[in-house]
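> Next come a sequence and a model predicted from it.
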Amino acid sequence: MSKSEGNATGSEKVGRRPQKRAIDTRRAILDAALNEFAERGFEGASVRRIGERAGLEYTRITYHFKNKAALWRAVATDAFAQMDATWEAALQSNPEMSAASSVRLELKTLLQFTVEHTAFHHFMLQENHGPSPRLKWIVKKILAKARARVVPKIRQAQAEGQMLPGDPDLVYYMLIGMTSVLSSLKDEMRATVKLSLADSTAVQAYWQLIERAVFR
């Protein structure tokens, strides 16, 4: 390797370090903001507290997000992007999967995400407590697309006798409730039946209950 090649490689490494720090900082902010919004709602959330949760000066947050509303939208977009990435990766490994298998994959992805990010369900519930312009935004930008993708698959799987019958829209929301209950009631279940989300065997057993209840 020539001297110039060595210098170029060194420069690239130096350039990557600030970039990685920026990515790590953004990740820390989004994770901290998810928890803050989940616990306190948008109105009660504090950018200063988000900074404390992330271990950053809160002024650093405004470098990445111009205001609290932009940060909230980024949190919502990031969460669904992570789920979509998991779903797309699995779909690519089996692009010819049946409608029922596709719905099963969507549900299992949501279940796993809510187990790993227990604040997510509460983040969403906060916007259902009253009139919310943010709920309108997330329905238009994200949720409507997810529903448009899943509900026709539910309808097809029902027609093929592979899923429980019923209004596909009601089934869709029922499934969301079923897959999010572990995260939404985690403290109660820990207190009553000693169930921990860290217990992968228990989570898998719950998933098998969903499969037996929903799929034929």
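Good, I have the coordinates.

> tally of neighbours for residue 59?
Residues within reach of residue 59, counting by other Cβ atoms under 10 Å, total 10. C-betas here are computed from N, CA, C, even on glycine.

> oh, I was asking about residue 43
Residue 43: 8 surrounding residues under other Cβ under 10 Å.

> could you measure residue 28 against residue 53, distance?
Going from residue 28 to residue 53 by Cβ to Cβ, to the nearest Å gives 8 Å.

> what do you get for residue 150?
According to Cβ to Cβ, residue 150 stands 32 Å off from residue 53.

> The helix or strand of the chain with the lowest mean pLDDT: what's the following helix or strand?
Ranked by mean pLDDT, DSSP states H and E, the weakest helix or strand in the chain is helix 3-44, scoring a mean of 78. Following helix 3-44 in sequence order, the next helix or strand is helix 47-54 (DSSP states H and E).

> Can you name every helix or strand that that following helix contacts?
Contacts defined by 3 or more Cβ pairs under 8 Å, 6 or more residues apart in numbering; DSSP states H and E place helix 47-54 against helix 3-44, helix 58-64, helix 68-93.

> Of these, which is nearest residue 214?
Of all the helices and strands packed on helix 47-54, helix 68-93 sits nearest to residue 214, with 17.4 Å by Cβ to Cβ.

> Contacts for stretch 44-51, please.
Contact with stretch 44-51 is made by 29, 32-33, 36-37, 40, 57-62, 68, 71-72, as judged by Cβ atoms under 8 Å, 6 or more residues apart in numbering.

> Name the spans of the chain whose pLDDT lies under the cut-off.
The chain contains residues with pLDDT under 70 at 1-18.

> So for it, which residue is the most central one in space?
Central residue of the chain (Cα atoms, centre = their mean): residue 79, 3.6 Å from the mean position.

> That residue touches residue 116, doesn't it?
No - contact between residue 79 and residue 116 fails when scored by Cβ atoms under 8 Å: they sit 10.9 Å apart.

> okay, now the domains of the protein?
Domain assignment for the chain by automatic domain parsing gives 1-65, 69-216.

> thinking again about what came up before, between the contacts of stretch 44-51, which is nearest residue 108?
The closest of those to residue 108 turns out to be residue 37 (Cβ to Cβ; 25.3 Å).

> what sits against the closest one?
45, 72, 75, 119, 123, 126.

> next one: phi and psi at the closest residue to residue 134 other than its chain neighbours?
For residue 134, ignoring the flanking residues on the chain, the nearest one in space by Cβ to Cβ, 6 or more residues apart in numbering is residue 127 at 5.4 Å. Here the main-chain torsion angles of residue 127 (degrees, to the nearest 10) amount to phi -80, psi 0.

> Now for residue 127: which residues touch it?
42, 134-135, 138.
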